[in-house]
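Novice: no sequence for this one, just the structure:
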């Protein structure tokens, strides 16, 4: 007999099953067979049965000799028993069908009827490797379609086997899918056995005639499905002729059952579009129950007996909103204003996923604090996207000793993929993805940073940082070697590959880059110390092994060879400790099992040859998320996807991440799915399935239902509408509570940040008497924000004691004058602002930016000034790997070489003879001394040659050194003659142009030098508003006759802009308080001169009321410009 048991809550069904199982079968040793839809349900059901079966009244029973299986496995088992062990049915099921499908795909791809498939997998062209790597994914998709056809619409496959290309419901297969019947028949011929769907009528007839045709016991149960396939239903109905078959179905309530029963009857081939849904009153029942409605329509006509089991207790405790909501669903009624608002149903609107997890953590802590009987095992958190939330949940829970009470809560994350739980498999998947891509420096560093790989090559955090510096210094971008780049059309350009970079690193351990020595195409990398040779060797071994693996992953191979290659990845790159050895064993076992379906004793292994793209898809399927029984009901707080625990009752059910773009799933019908074109009643629909999941979760909550979604954008603050199902829930709860409950509605709006003061004020969140947050660290932050802010004066306004009257280094004086603001921070405060780190590029540039161009030109010029010829400089740069590939690099090299040659030739005329270096000491009027060294003196002229444009920095640096040298020589009658200074630089806007700046010696160099020293003294007591480029522009304009007021705009233009002086990090720190703060030009130009013209002991040129900036700029630049000649 076929019994259907229905109940509003699954615990009532479980108790009914326990009552059934408590009656022993005629054979006490025969196991009970119970089919369950998910591992989580199995774990819960077994624990529930253990409290009833054999119990002595205290819930201390035991559940044993129960064979739990899945509905699909039960169907396959019965059909296999009837057809016989040699029927070949296993090759028609699940992943095993992928291999015969793939083999047939290869053999028949030239068939004109499969032109669509041929185009999809690239069989119509020899050049498209990307498409040809789709074969496995395509075969798997087709196998899944055929498997679904057999389970949901077996009549269609029976028609195909008979040569009729119908959809199994009286219509022809759509023209664009007409290739499927013929292809299925080819697969059938390859397998050599009929599909189980073809034999389904015969199997069912045999079951009705001969109960011994299967070894199932006299009683079996199917527990908790919300959808029953046509094949399962047919098998259960046939089994019920001689056995007791019990189907336990969670159902919203008698009202819906009666409404569906009263509706017009359906036929097995009725299409969903033809179905008229029952007229229902409750909005949630009407919109969310389509799946269970269609289940009833399919099952009710077949069963012999229907039993309704009332709830074990009230659907939800007390007269809460949740209880009223569940009662309304059960009875199909909505009583407006029938219950006062409370906290039993809460909808939390947050700013993004991270904030959702923070609010969830605090809300759970409140529930545990308010009810000591509530335990973590009484709570389940269901999430549509567990993988995205997993890191956030790990960071918010389960970290004892870190201070927050939520860290004491142990959390069990279920439904996670092998990639997140097995680091060895993660390495394999990463290597396969690497082989399919360009193999960038960042990706390889990421692989080397994985724990099993680091352990294999003994790499520490410091080692990783050093290798990262080596890769940046050797300009490694992407590609293991020149050959691997051939796939991307860059054969013949090996610079920037790991092979080239590694040659530089290893050679750098025994040679110096500065010596200009290279070996073949490798230039030594500077900075590889002798103590780092061992690390260089280990890194070289890692790259060599990775290169060998990547080579083996190319081309096509038979299946057994692919197993050897993938296991070889583990052997070559992975080392696990004793506690992680299980990961290695699991990885090898999983990789081997992934290919098991091909082993049929024939020549399949050699006939099927896969490409890397196929293996990438295979490994991706292997490591994808999948539920496991062990991760449910462990006593910890369980976080899982929406499916496994959908109808399992818990005191608190949390739906996390129910965002509009994530749930319900978008209606994306597979274009190749015949069933999806015009589904029949009872066939799968993902969107309706998600709606049913939502309804099941509502009905399963006993005390509290918490729903979390992103209601505001965390960046812009823009409001985001909730998912449709959440909006429907809000509307229903609002109607239940009526106008009186409007002030205590179910929606809780949360702040952007956890440290907002509102989270620590009692009563801010409706229904919580105290503050929401338990985080003491965030409380300290909120208190800090709440205090009256004490304005911290900018560094520029802080009075600094006078600097010690020490002797002065010429280099310190020059560096200060080139940037007085940076000089104040570094020389007076003893601090420095780190430079912005340029991220290491993973791509090859087709042109250089200005900084890269300057770097090459500067190296060329310095090497040529040191006596090296241009050709050798070019050869070294080619080996350095900084140039773009092919003609792009040639063009850049020629342009840079032209400019360098022009500057070098112009400088060479003034650099005749041997250069001289002078050590100097200048006695200053205040008794101190200035000391230093001036180099590059040729025939009495200080010559500076630079690849830079002629800017204020080069001009002022040469001028100060010339003045210091002249002041020193002026006190030494027998000293060498000082004639002047010269700066040779590039002229902007003209290829090969040269600019020269000549400097004559001032009449009183000591006086000029004394003023500059005094300026530094003042600038070490108080910040000088004197950015160098705006100062030079101002004085130049003023010297041409412009008044102060009309000369300031020139300085402002030099200050503003993307590359202006206002972008200087030291200037922003001193005047804006932060290196990223924008500083208004008024901070530089707003302060005015005192009436007497004196400032910090300096007598500045200018009139009262002139900007202080003008007086400082004139003090520095007027003497320079008076003695400067520019050509």
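Specialist: Alright, I've got the coordinates. Just so you know, these numbers come straight off a predicted model, no measurement behind them.
Novice: only C-alpha atoms for contact and neighbour calcs from this point on.
Specialist: Will do.
Novice: how is this structure carved up into domains?
Specialist: Domain assignment for the chain by automatic domain parsing gives 88-192, 345-417+640-669+682-784, 419-511+518-622, 1006-1126.
Novice: State the next helix or strand along the chain beyond the lowest-mean-pLDDT helix or strand in the chain.
Specialist: When each helix and strand of the chain is scored by mean pLDDT, DSSP states H and E, helix 604-607 comes last, with a mean of 64. The first helix or strand that comes after helix 604-607 along the chain, using DSSP states H and E, is strand 609-610.
Novice: That next one: partners in the sheet, and parallel or antiparallel?
Specialist: Using DSSP bridges, the strands paired with strand 609-610 are strand 557-558 (antiparallel).
Novice: Show the average pLDDT along the strand it pairs with.
Specialist: Strand 557-558 carries an average pLDDT of 90.
Novice: again, but for stretch 327-345
Specialist: The pLDDT scores in stretch 327-345 average 90.
Novice: Quick one: the domains of the chain as CSV, columns for mean neighbour count and distance to residue 817 too.
Specialist: Putting the domains of the chain into CSV (neighbours: other CA atoms under 10 Å; distance: least, CA to CA, whole Å) gives the following:
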stretch, mean neighbour count, distance to residue 817
domain 88-192, 19, 60
domain 345-417+640-669+682-784, 19, 40
domain 419-511+518-622, 18, 31
domain 1006-1126, 19, 7
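Novice: how about the ones you listed, which one is nearest residue 224?
Specialist: The minimum distance between residue 224 and those falls on domain 345-417+640-669+682-784, with 7.9 Å, by CA to CA.
Novice: which stretch of helix or strand covers the residue positioned nearest the centre of the chain?
Specialist: Nearest to the mean C-alpha position of the chain, by CA atoms, centre = their mean, lies residue 388 at 8.7 Å. Following DSSP H and E, one finds residue 388 within helix 386-396.
Novice: now residue 614
Specialist: For residue 614, the element it lies in under DSSP H and E is helix 612-622.
Novice: helix or strand right after that helix?
Specialist: With elements assigned by DSSP H and E, the helix or strand that comes after helix 612-622 is strand 637-640.
Novice: what is the rounded mean pLDDT of that next one?
Specialist: Averaged across strand 637-640, pLDDT comes to 87.
Novice: Give the partner strands of it in its sheet and their orientations.
Specialist: When DSSP bridges is applied, strand 637-640 pairs with strand 379-382 (parallel), strand 411-413 (parallel).
Novice: before we move on, back to that, for the helix holding residue 388, name the packing helices and strands.
Specialist: When contacts are defined as 3 or more CA pairs under 8 Å, 6 or more residues apart in numbering; DSSP states H and E, helix 386-396 sits against helix 352-370.
Novice: Centre of the chain to the helix it packs on, how far?
Specialist: With CA atoms, centre = their mean, to the nearest Å as the basis, helix 352-370 stands 24 Å off its chain's centre.
Novice: neighbouring contacts of it?
Specialist: 348-350, 374-375, 389, 392-393, 396-397, 405-406, 656-657, 708-714, 752-754, 772-774 (CA atoms under 8 Å, 6 or more residues apart in numbering).
Novice: Do you have the helices of the stretch 151-300 of the chain handy? List them.
Specialist: With DSSP state H, counting those that start in this stretch as the criterion, the stretch 151-300 of the chain has helices at 154-161, 179-191, 196-209, 230-239, 254-262, 283-288, 290-299.
Novice: Nearest to residue 39 among these would be which one?
Specialist: The minimum distance between residue 39 and the helices of the stretch 151-300 of the chain falls on helix 230-239, with 18.9 Å, by CA to CA.
Novice: Give me the angle between that closest one and helix 154-161.
Specialist: 110 degrees (axes from the mean of the first three to the mean of the last three CA atoms, to 10 degrees).
Novice: Look up how far residue 73 lies from residue 412.
Specialist: According to CA to CA, to the nearest Å, residue 412 and residue 73 sit 27 Å apart.
Novice: What of residue 194?
Specialist: 19 Å.
Novice: More neighbours: which of these two?
Specialist: Neighbours around residue 194 and residue 73, counted as other CA atoms under 10 Å, are more numerous at residue 194. The numbers are 18 against 13.
Novice: I figured the more buried one hits residue 187, correct?
Specialist: No: Residue 194 lies out of contact with residue 187 (CA atoms under 8 Å); the separation is 10.1 Å.
Novice: quick one: low-confidence parts of the stretch 201-350 of the chain?
Specialist: 312-318 (pLDDT under 70).
Novice: quick one: the strands in it?
Specialist: Remark: strands assigned in the stretch 201-350 of the chain by DSSP state E, counting those that start in this stretch are 219-223, 244-250, 305-309, 345-351.
Novice: Need the ones you listed in CSV (columns: distance to residue 468).
Specialist: Listed next are the strands of the stretch 201-350 of the chain as CSV, based on distance: least, CA to CA, whole Å:
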stretch, distance to residue 468
strand 219-223, 56
strand 244-250, 57
strand 305-309, 66
strand 345-351, 36
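Novice: right, so of those, which gets closest to residue 949?
Specialist: Closest of the strands of the stretch 201-350 of the chain to residue 949 is strand 345-351, at 49.7 Å (criterion: CA to CA).
Novice: who's in contact with the closest one?
Specialist: Strand 345-351 is contacted by residues 321-322, 356, 359, 704-714, 717, 730, 746-752 when judged by CA under 8 Å, 6+ apart.
Novice: Repeat the analysis, applying 6 Å as the threshold.
Specialist: 322, 356, 704-714, 746-750, 752 (CA atoms under 6 Å, 6 or more residues apart in numbering).
Novice: And it, how far out from the chain middle?
Specialist: On the basis of CA atoms, centre = their mean, strand 345-351 sits 25 Å off its chain's mean C-alpha point.
Novice: That one vs helix 352-370, what angle?
Specialist: Angle, strand 345-351 to helix 352-370, by the same axes, to 10 degrees: 140 degrees.
Novice: I'm done for today, thanks for sticking with me.
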